[in-house]
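Q: Generate a structure from the sequence data that follows.
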Amino acid sequence: MLKKVAKSVLIKNRKRSYQKAVQEARNAYNIWEKKREKRPILVEGGEASKVTGRLQLTMEVISYTSVWLESDVTATAEKILIFVSPKGKLAGHAVENIRRYFEAHPEINVVYGDEDVYEGRGRYAHPYFKPDWSPDTYLNAFYIGSVFACRANTYESALSEYDNALKMLGGTSGVKKNTPEAVGREASMLSADVLFCMLAIEERAFGKRAGTEFPIGHIDEILFHRNADADVFYGRGFHNSRHMLMKPTTVSIIIPTKDHPDILLQCLKSIVSTTHEKNIKYEIVVVDNGSSAYNRVRYGSYINSIGTVDGLTKINYLYKVEDFNFSHMCNRGAARSGGDFLLFLNDDIEATQDGWIREMISQAQLRHVGVVGAKLLYPDTDLIQHAGITNVRLGPVHKLQRMHDQKSHYFGFNRGIHNLIGATGACLMLSRDKFNEIGGFPEELAVAFNDVDLCFSVFEKGYYNVCCNHISLYHHESLSRGLDTLDMRKMERLAAEYEVLMRRHPGFYNKDPFYSKYLTDDETISAIIPCEDFLPVTDIPYHQIKVHEDGLPEIREDACLRLGVEYAGTMENWLSGIRDGEAKDGYFIKGYSFVIGSDNAFFERHLVLRQVERSDEGARPASKVIYSMPVYTWYRPDIRLRLQDQIDVDMTGYKVRIARGKLKPGFYQVGMVALDQTGSLKLINWVPNLLKVKR
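A: Residues are numbered from 1 along each chain as shown. Below is the predicted model of the structure:
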């Protein structure tokens, strides 16, 4: 009886402690933002290092509505105008952050910031961490939202240009220039959206950039707390619309393939059945790197069955036996084609919407636009396969993958048109001139990251890449496709090709101007959500290591203890992308683990390592010795969503820091121990992931 009572108490205490931890984790953003409310944020980049003294900038806050008529605006470079929505309040540090930004960035005249929702009772939630200046995103939706600021002389110049444009059209705004009253009356006639557009035009923000610098600034901090009932886009949100072509044009569709004639036929038929544009002529170039003789005949037969209808001028079939190199196949197809635009398409793409090619060309024809992609869905579902490439800490990923497209995700990310760092090579378009300008696909990247490299190169030239998430195609990539992280050789190949990508574009490690630093940088989390854990990795203390000379024979090895290893390497690599450093800051391991069919609130976890010897057959333990260490637990809402049939898996994330010199040099297999704190169950399990400890 006493044992039952004691166990009941243990269960209640453990459950209460777990629920408290979950609630604190769910409230992490609110706690974090309240701390930041109390102090200005240091401005990074720009000309900050050259500022030797504080500039005497005067700040004026102007409402989106009635206050404009009363504003006393004078055209002076030392005055900053802050335009804010009446549907909320400025963050406590907003004005000072804006001042510091303009001081540090004398080259920037217009800036906007991030915002969240004030839910009442002192709680902040639902932050909108916005991208850096995204002209095509802005043309599709007023993502600027509740707050932006500009220099007073830029404001005056924009209004002057607006008045001149009206006169050229035969009208007039009817205001006199160079007086505060005139400026106020002009402003009262404009919505915030139109005013911002005028400022962006004044700054030539809808053109090609000079390199990687943006013409409009973005303070990636919360500057405004919006009322819960306010529309973040103020009436102009992401939508689906038809776009027009500027002039008749030609496009070459280049499709790499091998031994997939039936799949290719489905692709070709879908293109023909969905493309009926009178001012678009297109050709198809099929690039085969060595199909069997039987399939080569079938390719020819299928291609001849298509015919030339509805704008299709011809289909070329290029056959050459050679090693697989996706970049080379695409470049070869481009060289043997003649269209003004190049559309690179996987052979397992199926088009289902009329006009999708027109929509892509309508973006690709814009002078400032580089690569254009499209939303891809898994076949016969609404599950997203691709909605644009995002570059997180450990490399480029497809955000929202395997999430339902019927739902609008993270402020319309899967709706409308967005500027993103890139798009997948499974469906990628750009003009021939821009393709030639960057030299095509990099042939030293034969398998992976070649499409990402192309997108990075285009961005570095000053173009904005676009993903058309208002159109969709099916991508017949299997939902159950194996992960490269489960195959040691594939992992090593990916790592090698990622090294090439970073060598070619060294400034892109953990950098994506269209994805906020305050959004999750975990490549395994599909959802776009704020950081699950705002504690910097460098603030996690090094964990104490316990040595078990005879192993852990009393603990049962059981696959019901699941373990995912998302990173295992040096701290230098994690923080800066340097893979060949000396590991002076030690090592870092992170991931998730849970016990199937049990209440995970009851378990205490310890990461375990064992040294292994590697061979062609794999890795085997070098001795009985096992090293164990406690873990830092972190909130994983993505695991909870994926495992709704499991119990208490919110806090399944783990992080571990290991100091340099605590382990002998060599390779260590990663595992986990789970100890039931309310009973006698003890589990251990191992995964193929290895930690390399350097000398």
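
Q: Just checking, which helix or strand of the chain averages the lowest pLDDT?
A: helix 180-188 (a mean of 40; mean pLDDT, DSSP states H and E).

Q: Now do the same for the longest helix that the chain contains: mean pLDDT, whole number.
A: Scanning the chain for the helix with the most residues, using DSSP state H, yields helix 2-26. The pLDDT scores in helix 2-26 average 87.

Q: Please shift the residue numbers so they start at 36 in all later answers.
A: Yes, from this point I'll number from 36; that puts the last item at helix 37-61.

Q: any residues touching whichever helix or strand comes after that helix, and which ones?
A: Remark: after helix 37-61, the chain's next helix or strand is helix 63-72, criterion DSSP states H and E. Outside helix 63-72, the residues within contact range by C-beta atoms under 8 Å, 6 or more residues apart in numbering are 59, 126-128, 151, 157-160, 162, 256-257, 565-569, 670. Any C-beta I mention is one placed from the backbone N, CA and C, and that applies to glycine too.

Q: and if you look at stretch 42-57?
A: With contacts defined as C-beta under 8 Å, 6+ apart, stretch 42-57 is touched by 634, 636-637, 668, 670, 683, 685-686, 712-714.

Q: Just the buried ones from the contacts of helix 63-72, in PyMOL syntax?
A: Listed next is the PyMOL selection for buried residues among these, using 16 or more other C-beta atoms under 10 Å:
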select buried, resi 126+127+128+151+159+160+162+256+257+565+566+567+568+670
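
Q: quick one: residue 726 is in a strand?
A: Yes - applying DSSP: H, G, I helix; E, B strand; the rest coil, one finds residue 726 inside a strand.

Q: so who does it touch?
A: 603-604, 622, 624, 644, 702-703, 705.

Q: switch the cut-off to 7 Å
A: Residue 726 makes contact with 603, 622, 624, 644, 703, 705, according to C-beta atoms under 7 Å, 6 or more residues apart in numbering.

Q: part of a helix, is the last one?
A: No - going by three-state DSSP, the assignment for residue 705 is strand, not a helix.

Q: Dig out what it forms beta bridges with.
A: residue 644 (DSSP bridges).

Q: Hmm, it is touching residue 722, no?
A: Yes - judged on C-beta atoms under 7 Å, residue 705 makes contact with residue 722 at a distance of 5.9 Å.

Q: ranges for the helices of the stretch 86-235 of the chain?
A: Under the criterion DSSP state H, counting those that start in this stretch, helices of the stretch 86-235 of the chain are mapped to 129-139, 170-175, 187-203, 215-223, 227-237.

Q: Low-confidence stretches in the stretch 86-235 of the chain?
A: For the stretch 86-235 of the chain, residues meeting the criterion pLDDT under 70 lie at 86-91, 101-112, 198-225.

Q: try the chain
A: In the chain, residues with pLDDT under 70: 36-37, 77-91, 101-112, 198-225, 513-524, 526.

Q: Apart from its chain neighbours, what residue comes closest to residue 60?
A: residue 670 (3.4 Å; C-beta to C-beta, 6 or more residues apart in numbering).

Q: swap that for residue 265, sorry
A: Distance criterion C-beta to C-beta, 6+ apart; nearest residue to residue 265, sequence neighbours excluded, is residue 122 at 3.8 Å.

Q: mind listing what the one you found touches?
A: 261-262, 265.

Q: what residues are up against the closest residue to residue 564 other than its chain neighbours?
A: Leaving aside its chain neighbours, residue 564 sits nearest to residue 555 (5.5 Å; criterion: C-beta to C-beta, 6+ apart). The contact partners of residue 555, taken as C-beta under 7 Å, 6+ apart, are 564, 566-567.

Q: Test my guess that residue 466 contacts residue 402.
A: No - taking contacts as C-beta under 7 Å, residue 466 lies outside contact range of residue 402: 9.4 Å.

Q: who's the residue most central in space within the chain bridged to?
A: With distances taken as C-alpha atoms, centre = their mean, the residue of the chain nearest its centroid is residue 425 (2.8 Å). Residue 425 forms beta bridges with residue 432, as assigned by DSSP bridges.

Q: What's the separation between it and residue 435?
A: Distance of residue 425 to residue 435, given as C-beta to C-beta, to the nearest Å: 9 Å.

Q: where along the stretch 436-585 of the chain do the strands fall?
A: Counting by DSSP state E, counting those that start in this stretch, the stretch 436-585 of the chain has strands at residues 452-454, 462-466, 499-510, 581-583.

Q: Can you name every helix or strand that the first one contacts?
A: The helices and strands touching strand 452-454, judged by 3 or more C-beta pairs under 7 Å, 6 or more residues apart in numbering; DSSP states H and E, are helix 170-175, strand 499-510.

Q: Packing partners of the longest one?
A: Based on contacts counted as 3+ C-beta pairs under 7 Å, 6+ apart, the elements that strand 499-510 packs against are helix 170-175, strand 384-386, helix 391-399, strand 404-412, strand 452-454, helix 485-495.

Q: How far away from the center of its chain is it?
A: Using C-alpha atoms, centre = their mean, to the nearest Å, the distance from the centre of strand 499-510 to the centre of the chain it belongs to is 14 Å.

Q: Using CSV, list the CA coordinates for that strand.
A: Extracted in CSV, the C-alpha atoms of strand 499-510 (Å, rounded to 0.1, in the frame of the first residue of the first chain):
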residue,chain,number,x,y,z
TYR,A,499,15.6,39.0,-56.2
ASN,A,500,14.6,35.4,-56.4
VAL,A,501,10.9,34.6,-56.3
CYS,A,502,8.7,31.6,-55.4
CYS,A,503,5.2,31.6,-56.9
ASN,A,504,3.2,30.1,-54.1
HIS,A,505,0.0,31.1,-55.8
ILE,A,506,0.4,28.2,-58.2
SER,A,507,1.2,24.6,-57.6
LEU,A,508,2.3,21.5,-59.4
TYR,A,509,2.6,17.9,-58.2
HIS,A,510,6.1,16.5,-57.5
